[in-house]
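Asker: Okay, predicted coordinates and the sequence, questions at the end:
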Amino acid sequence: MITQSVKIHDRFQIELKFHYRLDDFQKTKAFDVALYFFVPASLGINGDTYGKQDFFNDVMGYIRLKTPGVGLRGIATSPQSPLHKLESALARLAHKPDGEAVGDYERQLKMTCCILKSALRDHVALLASRVGPADQSDLVEQYLVHVTEVARRFRALRSIINVPAVSKDLFSRYLFADEYLSLTVESYSFEMLEALKGLKSDLFEAYRPRLLGFVKSELEYRAASGYPSIPMESADNELLVFRKSVLKKYVESALFLTTRRKREGTYMEQVVLAVAAGLSMVFATAAAFYSQVMYGNLTLPFFMALVVSYMFKDRIKDSLRAFLNMRVRRFFFDRRLEVFNDPEETERIGLSRESVDFVQEGRLPASIWELRNRDHITEIENGSVGESILLYRKQITLLPKWFSRMQKDFPVDGLNDILRVSFSEFLQRMDDPVKRLWICQNADGYRSIEGKRVYHINLVVQYRTATSFGQGRYRIVLDKDGIKRIEPVRAERSMATVGLPESEDDFGPQAISP
């Protein structure tokens with residue numbers, strides 16, 4: 001089963017996240033995702049102005065493991081807590097800091113921080129879903145008790161590796177994780193306060209002093225530890241933002257899979273070039289033989305025939321190469337990413353293949369048209385030329401033999417495929433975001449007001465496996481200053497209600513050929 005979400009990442013980028021269960025990979029081995037961007041013609045985004053490489057330059061993708069699910073209470077008190085595994089890894093490192101011990105130490109350190117962050121996020125999110133004040137109060141109490149215990153236990157481990165056998169570099173990695181943990185706890189404590197404020201109950205005032213006291217204790221701890229990540233009200237806090245970003249990337253690198261990009265179909269392109277060269281040579285050789293028979297050797301007509309045949313040979317080769325390459329490329333994706341389980345790229349665990357192109361309206365599947373569901377005002381806005389339709393296709397395939405060896409000490413059950421798409425190029429031809437309008441006022445008066453000029457890019461998301469299928473539509477509202485909001489238009493649907501797509505070709509690479 002695939003689950004997906006679409007949200008704003010920043011002013012110019014949206015983020016799409018697809019979650020794939022590893023159990024599904026064992027059954028189907030591959031997942032397909034198709035994104036249809038319906039772009040207003042007035043933005044001037046089409047095949048002539050916005051090529052494949054332009055799109056790939058505007059796309060950033062990551063494939064990462066789903067964070068193992070361990071609750072806050074489990075981290076604080078369970079015998080299977082990642083803190084126990086981290087303690088064992090630290091003891092091995094202090095005893096014998098060889099390559100295997102160093103690798104396990106760093107991985108356990110990062111995974112512990114990732115699991116804690118996920119548990120904090122889920123705990124705060126759970127608060128909003130509970131209706132009764134008693135349940136809500138209990139969640140806040142659990143938060144304060146368990147987070148305090150987790151921080152205490154994590155920091156107590158410091159003495160294990162505070163020994164001469166552990167180098168300064170290895171010890172500093174623990175300090176990085178410790179600073180990250182403090183910043184994360186502080187951040188979610190503020191999130192907890194905001195969640196309590198949103199409940200509009202007495203709980204906010206009741207717990208505000210304790211939560212703020214908890215935050216202040218973390219600030220004091222970082223200051224005493226010499227960590228420079230202290231927010232200052234009268235400063236730009238540039239260093240703090242930078243360190244938070246670097247520490248986040250360092251810790252979460254344990255979850256990200258390494259990818260190596262290649263262009264797909266390069267060998268077939270060489271075969272096409274060879275075939276084109278061979279066919280053009282057949283023409284040139286046949287012309288030479290014919291002219292020799294007709295005009296004899298060392299004659300002017302024979303010489304002219306050779307020159308003409310050579311001229312046509314090159315044109316035939318180039319024309320055949322373009323024709324055959326166009327026909328062959330439609331059966332390949334534009335690029336391929338090999339997925340590895342380690343930064344050294346020693347174990348390939350799967351492939352991710354991508355294609356992008358503008359498609360004609362007549363080639364769209366009926367299910368996509370049904371979701372797009374244009375209204376009359378949209379037709380007027382886009383004029384007689386209609387919309388430009390940009391189709392991005394992605395197929396992820398994993399090798400099942402890898403599953404049994406993956407993260408044996410952590411219950412990883414899925415992958416997250418994260419895709420960020422930038423719309424900065426789409427903004428170039430937009431009008432100014434504010435327009436002047438007029439309204440009547442009182443009996444004889446009038447005045448000017450402001451109107452917002454926005455554009456709508458409709459996004460249809462479609463995904464499938466051999467056993468399931470889903471799709472949804474979103475409206476991305478933009479102006480010249482960037483993305484304003486994303487509006488869900490149609491909910492996802494499962495195969496049980498909509499049936500299979502019309503054909504496999506709707507998802508294959510040939511589906512994006514012009």
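Answerer: It's in. Numbering: from 1, shown residues only.
Asker: Where do the domain boundaries of this protein fall?
Answerer: For the chain, the structural domains run 2-65+351-512, 72-254, 265-329, going by automatic domain parsing.
Asker: Give me the neighbour count for residue 304.
Answerer: 12 (other C-beta atoms under 10 Å). In this view, the C-beta of every residue, glycine as well, is placed from N, C-alpha and C.
Asker: Distance check, it against residue 425.
Answerer: Per C-beta to C-beta, to the nearest Å, residue 304 is found 52 Å from residue 425.
Asker: just residue 477 next, same as before
Answerer: Between residue 477 and residue 425 the distance is 17 Å, computed by C-beta to C-beta.
Asker: Which one's more surrounded, the two?
Answerer: Shown here are residue 477 and residue 425; by other C-beta under 10 Å, residue 425 has more neighbours (17 against 14).
Asker: quick one: contacts for the more buried one?
Answerer: Residue 425 is in contact with 45, 50, 54, 58, counting by C-beta atoms under 8 Å, 6 or more residues apart in numbering.
Asker: re the thing from before, quick one, which of the domains of the chain gets closest to residue 335.
Answerer: domain 2-65+351-512 (5.4 Å; C-beta to C-beta).
Asker: Which parts of the stretch 351-500 of the chain are strands?
Answerer: Along the stretch 351-500 of the chain, counting by DSSP state E, counting those that start in this stretch, strands occupy 388-398, 414-422, 434-441, 445-452, 455-464, 469-479, 482-490.
Asker: Would you mind telling me which of these is nearest residue 343?
Answerer: Residue 343 sits nearest to strand 414-422 of all the strands of the stretch 351-500 of the chain, at 17.4 Å, using C-beta to C-beta.
Asker: what angle sits between that closest one and strand 482-490?
Answerer: 130 degrees (axes from the mean of the first three to the mean of the last three C-alpha atoms, to 10 degrees).
Asker: Surely residue 109 is in a strand?
Answerer: No: the assignment for residue 109, made by DSSP: H, G, I helix; E, B strand; the rest coil, is helix rather than a strand.
Asker: mind checking pLDDT for it?
Answerer: pLDDT for residue 109: 95.
Asker: tell me the contacts of the nearest residue to residue 89 once chain neighbours are set aside?
Answerer: Sequence neighbours aside, residue 108 is the residue nearest to residue 89 in space, at 4.1 Å (criterion: C-beta to C-beta, 6 or more residues apart in numbering). Going by C-beta under 8 Å, 6+ apart, residue 108 touches 82, 85-86, 89.
Asker: how far away is residue 98 from residue 117?
Answerer: 29 Å.
Asker: Correct me if wrong: residue 77 contacts residue 145.
Answerer: No: if you go by C-beta atoms under 8 Å, residue 77 and residue 145 don't touch, sitting 9.8 Å apart.
Asker: What degree of burial does residue 297 show, as a neighbour count?
Answerer: 7.
Asker: Just to be sure, it is in a strand?
Answerer: No: the assignment for residue 297 is coil, going by three-state DSSP, so no strand is present there.
Asker: and residue 131, which of the three is it?
Answerer: Taking three-state DSSP as the rule, one finds residue 131 in the coil state.
Asker: distance between the helix or strand hosting residue 90 and the chain's centre?
Answerer: Residue 90 belongs to helix 82-95 when assigned by DSSP states H and E. Relative to the centre of its chain, helix 82-95 is centred 33 Å away, using C-alpha atoms, centre = their mean, to the nearest Å.
Asker: quick one: average confidence on it?
Answerer: Rounded mean pLDDT across helix 82-95 is 94.
Asker: Dump the C-alpha coordinates for that helix into PDB.
Answerer: This file holds the C-alpha atoms of helix 82-95, laid out as PDB (Å, rounded to 0.1, in the frame of the first residue of the first chain):
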ATOM      1  CA  PRO A  82      17.300   2.200  21.500                       C
ATOM      2  CA  LEU A  83      19.100   3.700  24.500                       C
ATOM      3  CA  HIS A  84      20.100   0.100  25.600                       C
ATOM      4  CA  LYS A  85      21.500  -0.600  22.100                       C
ATOM      5  CA  LEU A  86      23.300   2.700  22.100                       C
ATOM      6  CA  GLU A  87      24.800   1.900  25.500                       C
ATOM      7  CA  SER A  88      26.100  -1.400  24.200                       C
ATOM      8  CA  ALA A  89      27.600   0.300  21.100                       C
ATOM      9  CA  LEU A  90      29.400   2.900  23.300                       C
ATOM     10  CA  ALA A  91      30.800   0.100  25.500                       C
ATOM     11  CA  ARG A  92      32.200  -1.700  22.500                       C
ATOM     12  CA  LEU A  93      33.700   1.500  21.200                       C
ATOM     13  CA  ALA A  94      35.400   2.200  24.500                       C
ATOM     14  CA  HIS A  95      36.800  -1.300  24.700                       C
END
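Asker: what packs against that helix?
Answerer: Judged by 3 or more C-beta pairs under 8 Å, 6 or more residues apart in numbering; DSSP states H and E, the packing partners of helix 82-95 are helix 99-129, helix 133-156, helix 158-161.
Asker: List the contacts of the last one.
Answerer: Translated: helix 158-161. Outside helix 158-161, the residues that touch it by C-beta under 8 Å, 6+ apart are 87, 90-91, 93-94, 170-171, 174, 178.
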